[in-house]
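S.K.: have a look at this prediction, sequence included:
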Amino acid sequence: MELLSSQVKSYMDRSSWIRRMFEAGIELKKKFGEDQVCDFSLGNPDLPPPASVCQGLRDMAETAAEPFAFGYMPNFGYPAVREALAKHVSAEQGVNVPADCLVLTCGAAGAINTFFRAVIEPGDELLCPAPYFVEYGFYVENHGGVLKSAPAKAGTFDLDVAALEAAITDKTRVLLINSPNNPTGVVYPKQTLMELAAMLTRKNQGRARPIFLLADEPYRFLAFDGAVVPSLLPLYPYTVVCSSFSKNLSLPGARVGYALVNPAMPNRAELVGGIILANRILGFVNAPALGQQLLLKVLGTQVDAGVYAKRRDAMRQVLDAAGYKYPVPQGAFYFFPQAPGGDDVAFVNALVEERILAVPGKGFGCPGYFRLAFCVDEVVIRRSAEGFTRAFKAFSK
């Protein structure tokens, strides 16, 4: 007797390569020991949260016994948190963002799903550049949509605006970008984003429904070498920003994020109201009370991004010494090198033999490359050097 829907069964068959490699790492660590495996599979930030988080939790403990301390609140989140977050993102985005443009959500994934539920009709298309975070396809299919992709520019992985324009159809409802990008580490320059906004404005002419530009920005805080992550809000009125505090505060399990509807969007209140309703009817109800209350106490603080910069430099030294080719990541905590020999799955399996865990580019819609998450101790990065060199030499032949 069949227990699962055919859709979920197909999802399990093509489930995330990230999780597969993470689980393979668990087995390797059991077999050889934690200190014998170099795990670059999962973007799970290992830095402890900033001191403000510990102090905030202590303060919250003093009021935990009060009635309704963690009870229901409006589906958009606590009003005070919404107000504080509005000030925070206004400074971050360079645009005055009123509190009524924000909805607190269960992480960035919750924000994306509530937005999709609010705007997608069955058969609508979401378009994004490849490579892309694999879960996007599952998220849009949750709501009857279809994921389409267009390749980024070879070598640099910058947006190919012409390729994206050619991929737009009458069914295109959302164009999604992620900068700094997972898995490439690319930060899209302002000039490219201006070209993208102009193209979308042109494509919107004569359409009954606009094409939304969705910016997935959990890595905004982490840019290297003076790189600036441009705001999309001044460039295109139909922009929605989804983000979280998983990476900058090292709180991925707290599940606190937000959807930000551009203040310049016509009839923005209708979209905000739709997202709020979707937050409830999808079963999220509201973002976790604990996470929201903590956020109110820690907004404006973050982990030491300098640690990630040092790790990026260490990983560059390891990869350069072995001979790998890759675009230097300008942000986030990922490298996306070319797989020697071209077969990314075979090469990642060879790395497993060296007790190194990576994720094949196939899992991101971009075969021929592989992803490394360098949110691990620098000792692990240095220890991987010989294994990377042996694998490169074996496949370069």
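M.R.: Sure, I can see it. In this text, all values refer to a predicted model and were calculated from it rather than measured experimentally.
S.K.: and Gly300, which of the three is it?
M.R.: Classification of Gly300 using DSSP: H, G, I helix; E, B strand; the rest coil returns coil.
S.K.: please renumber the chain so that the first residue is 15 from this point on.
M.R.: I'll keep to 15 as the first residue from here, and by that count the last item is Gly314.
S.K.: neighbours around the closest residue to it other than its chain neighbours, how many?
M.R.: Counting by C-beta to C-beta, 6 or more residues apart in numbering, His102 is the residue found nearest to Gly314 once chain neighbours are left out, at 6.6 Å. Backbone N, C-alpha and C define where each C-beta goes, glycine included. Using other C-beta atoms under 10 Å, His102 has 16 other residues around it.
S.K.: Arg404 too?
M.R.: 16.
S.K.: quick check, it in contact with Glu367.
M.R.: No: using C-beta atoms under 8 Å, Arg404 is not in contact with Glu367, being 9.1 Å away.
S.K.: hmm, back to that, just the pLDDT for the residue nearest to Gly314.
M.R.: Per-residue pLDDT puts His102 at 97.
S.K.: now swap in Val148 and tell me
M.R.: Val148 carries a pLDDT value of 87.
S.K.: for it, which residues are in contact?
M.R.: Ser30, Trp31, Ile32, Gly377, Phe378, Gly379 (C-beta atoms under 8 Å, 6 or more residues apart in numbering).
S.K.: most surrounded residue in those residues?
M.R.: Result: Phe378 is most packed of those (other C-beta under 10 Å), 28 neighbours.
S.K.: neighbouring contacts of stretch 57-76?
M.R.: Residues outside stretch 57-76 that contact it (C-beta under 8 Å, 6+ apart): 32, 196, 260-261, 263-266, 304, 307-308, 311-312, 315-318, 321-322, 347-348, 387, 389-391.
S.K.: what subset of those is buried?
M.R.: Buried members of these, counted by 16 or more other C-beta atoms under 10 Å: 32, 196, 260-261, 263-266, 304, 307-308, 311-312, 316-317, 322, 347-348, 387, 389-390.
S.K.: from the contacts of Val148, which two are the most distant?
M.R.: Ile32 and Gly379 (13.1 Å; C-beta to C-beta).
S.K.: for the stretch 115-264 of the chain, which segments count as helices?
M.R.: Using DSSP state H, counting those that start in this stretch, the helices of the stretch 115-264 of the chain run over 121-133, 149-155, 175-181, 204-218.
S.K.: redo these as JSON lines? Include distance to Val359.
M.R.: Putting the helices of the stretch 115-264 of the chain into JSON lines (distance: least, C-beta to C-beta, whole Å) gives the following:
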{"stretch": "helix 121-133", "distance to Val359": "26"}
{"stretch": "helix 149-155", "distance to Val359": "18"}
{"stretch": "helix 175-181", "distance to Val359": "25"}
{"stretch": "helix 204-218", "distance to Val359": "31"}
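S.K.: quick check: the residue nearest to Gly314 is in a helix.
M.R.: Yes: counting by three-state DSSP, His102 falls inside a helix.
S.K.: does it touch Gln316 like I think?
M.R.: No: using C-beta under 8 Å, His102 is not in contact with Gln316; the gap is 11.3 Å.
S.K.: re the thing from before, what distance do you get for the residue nearest to Gly314 to Ile126?
M.R.: For His102, the distance to Ile126 equals 20 Å [C-beta to C-beta, to the nearest Å].
S.K.: by contact count, what packs against the helix ranked longest in the chain?
M.R.: Longest helix of the chain, by residue count under DSSP state H: helix 319-336. With contacts taken as 3 or more C-beta pairs under 8 Å, 6 or more residues apart in numbering; DSSP states H and E, helix 319-336 sits against helix 392-397, helix 399-410.
S.K.: nearest to Val111, out of the ones you listed?
M.R.: For the helices and strands packed on helix 319-336, proximity to Val111 was assessed by C-beta to C-beta; helix 392-397 is nearest, at 37.0 Å.
S.K.: CA atoms only: put the closest one into CSV for me.
M.R.: In CSV, the C-alpha atoms belonging to helix 392-397 read as follows (Å, rounded to 0.1, in the frame of the first residue of the first chain):
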residue,chain,number,x,y,z
GLU,A,392,40.5,26.7,9.8
VAL,A,393,42.2,23.6,11.2
VAL,A,394,39.8,21.5,9.1
ILE,A,395,40.6,23.6,6.0
ARG,A,396,44.3,23.2,6.4
ARG,A,397,44.0,19.5,7.1
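S.K.: contacts for it, please.
M.R.: For helix 392-397, the surrounding residues in contact (C-beta under 8 Å, 6+ apart) are Cys52, Asp53, Lys324, Arg325, Ala328, Met329, Val332, Phe388.
S.K.: quick one: contacts for the first one?
M.R.: Contact partners of Cys52, counting by C-beta under 8 Å, 6+ apart, are Arg369, Ile370, Leu371, Val390, Val394, Ile395, Arg397, Ser398, Gly401.
S.K.: of these - the most surrounded one?
M.R.: Ser398 (28 neighbours).
S.K.: just to revisit the earlier point, of the contacts of helix 392-397, buried ones?
M.R.: The neighbour-count criterion (16+ other C-beta under 10 Å) marks Cys52, Asp53, Arg325, Ala328, Met329, Val332, Phe388 among the contacts of helix 392-397 as buried.
S.K.: can you put those in a markdown table and add pLDDT and distance to Phe147?
M.R.: Below are the buried ones among the contacts of helix 392-397 laid out as a markdown table (pLDDT from 0 to 100; distance: C-beta to C-beta, whole Å):
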| residue | pLDDT | distance to Phe147 |
| --- | --- | --- |
| Cys52 | 92 | 23 |
| Asp53 | 92 | 19 |
| Arg325 | 98 | 21 |
| Ala328 | 98 | 25 |
| Met329 | 98 | 20 |
| Val332 | 98 | 24 |
| Phe388 | 97 | 17 |
